[in-house]
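K.L.:
Sequence below, structure please.
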Amino acid sequence: MPAPITSSAGEGGSIIGDPRAQRSALTLLASLFFMWGFITVINNTLLPHLRSVFDLSYTQTTLIESVWFIAYFFASIPSAKLIEAIGYKKSMVTGLLIMAAGALLMIPAARIPSYGVVLTALFIIASGITLLQVAANPYVAVVGPSETASSRLNLVQAFNSMGTTLAPLFGGYLILSRSASGNAEAGKVLTQAERLADAQSVQLPYFIVAVVLVILAVVIARYKLPDIGGSTRRVAAEDRKKHSLSKHRNLMLGIPAIFIYLIAEIGVSNLFINFVSDPKIGNLTHAEASNYLFLLWGGMMVGRFVGSFWMRKVDPGKVLAIFSSLAFVVMIITVFASGPVAMWSLIAVGLFHSIMFPTIFTLGIKGLGALTEEGSGLLVMAIAGGALVVVQGILADHYGLQISFLLTAVCELYVLFYALWGSKTTVEEEPVALESQSAPAE
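P.N.:
Below is the predicted model of the structure:
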């Protein structure tokens, strides 16, 4: 086994000495980011569909997504413990298989059909994604030089956005365009027979997703993915006892930054189709609106590729401040404008949201040293903030869908605060010695 090399798990070094091994690992990880982005956004086409099938209010519709993000809260810490016990690669394989099991459960949920079973299936899928997030995000952050960590994570997150960009087309074609709800005019009430047929239309898409996930799990299981060795994880666990997470302002304020940002991102994506379908905004069918959702997520993909390049030369905190300021501006336009202006301003927020999660994440773990794994777990747990999208659903039911996007605008202001002040490091932990492996030892 090669001699240990120095890394701070995000500060000053790499866990893998060979640049070719770094590129190989990042390429494989990009496929994981693609898949969980793809599956997450399938929900965005599924939600307006289920709203019609089960005759749900906005509150009940957003509750579906809340259940999805509640999984991040409950599964993050167990995921971190599992990674410590079995290693990164086996954890990624396990996460993919859990996701496949949840996707297959959508088939009986559609046949019944059952709102409760749908919620259970989505919770299982989200738990698998949580395990992938806890393993993959910090792995990307430490797989190369610390000064390019934000650039690197934005790059692989761009492939996540590629998945989110393609998912609306997939869901729009296989779910919305093949269903009565997807082609119905706004306000039409479906018959019981139409609702049953619409519910069953999700079976094929989720079966395809399950098959792809199993194939990807097999590929990763057979892949020579470099990993932090088990002995390293045990040493790091001992080292963590000497330090305190609470001393790191960038982490302590980064956790609510992730939490609050997710409220904004998920609120926009979940209510997008309903918003642009409104006669006063875009006057589109749900199937037509899914094509514009493609542009929202496409903007996130472009923004992350551009942000990845930009952050090689510009401080990530400054880039985050610029993007959050512009996101606030377009959300205010969305709330107070109408017609195409309001629709296109909402689409534009995807571009400005693009770099927020990966940049907040890397700024949050900066300088943590041996505490990086625990800090990463807490940041991933903060993704549970997406569950509070139900608050926007309540606002939409009581005050109107358009006014509810004021909540999104307020969220952008906290991200701006974090970029300008909260992300500054107050303590720099000492690097820890990590061992590198050219082949899996799991």
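K.L.:
rest of the way, CA atoms for contacts and neighbours
P.N.:
Noted.
K.L.:
So which elements touch the lengthiest helix in the chain?
P.N.:
Across the chain, the longest stretch assigned as helix under DSSP state H is helix 19-53. Judged by 3 or more Cα pairs under 8 Å, 6 or more residues apart in numbering; DSSP states H and E, helix 19-53 is in contact with helix 58-86, helix 115-142, helix 149-171, helix 180-183, helix 192-200, helix 203-222, helix 254-277.
K.L.:
tell me the mean pLDDT over it?
P.N.:
For helix 19-53, the mean per-residue pLDDT is 77.
K.L.:
can you check stretch 418-427 too?
P.N.:
If you average the pLDDT values across stretch 418-427, you get 91.
K.L.:
how about that stretch: buried residues?
P.N.:
Under the neighbour-count criterion of 16 or more other Cα atoms under 10 Å, stretch 418-427 has Y418, A419, G422, S423, K424, T425 buried.
K.L.:
Dump those residues to a markdown table, plus distance to T362 and secondary structure.
P.N.:
Shown next, in a markdown table, are the buried residues of stretch 418-427 (distance: Cα to Cα, whole Å; DSSP: H, G, I helix; E, B strand; the rest coil):
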| residue | distance to T362 | secondary structure |
| --- | --- | --- |
| Y418 | 13 | helix |
| A419 | 12 | helix |
| G422 | 13 | helix |
| S423 | 10 | coil |
| K424 | 12 | coil |
| T425 | 12 | coil |
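K.L.:
V142: which of those residues is nearest?
P.N.:
Taking Cα to Cα as the measure, V142 lies nearest T425 of the buried residues of stretch 418-427, at 17.6 Å.
K.L.:
Isn't the closest one up against T362?
P.N.:
No. T425 is not in contact with T362 according to Cα atoms under 8 Å; the separation is 11.7 Å.
K.L.:
Please name the residues that touch W68.
P.N.:
Listed by Cα atoms under 8 Å, 6 or more residues apart in numbering, the contact set of W68 reads L119, L122, F123, A126, A387.
K.L.:
Tell me the confidence at it?
P.N.:
With respect to pLDDT, W68 has a value of 79.
K.L.:
going forward can the numbers begin at 6, since that is how I track them
P.N.:
Let's use 6 as the start, then, which means that last one is W73.
K.L.:
That one and S330, how far apart?
P.N.:
Counting by Cα to Cα, to the nearest Å, the gap from W73 to S330 is 28 Å.
K.L.:
same thing with Y93?
P.N.:
Distance, Y93 to S330, by Cα to Cα: 36 Å.
K.L.:
same deal with V148?
P.N.:
Separation of V148 from S330 (Cα to Cα): 31 Å.
K.L.:
of these two, who's got more company?
P.N.:
Between V148 and S330, V148 has the larger neighbour count (other Cα atoms under 10 Å), namely 26 against 17.
K.L.:
could you pull out the helices for the stretch 256-405 of the chain?
P.N.:
With DSSP state H, counting those that start in this stretch, the ranges of helices along the stretch 256-405 of the chain come out as 259-282, 291-315, 321-341, 344-358, 361-370, 377-386, 394-404.
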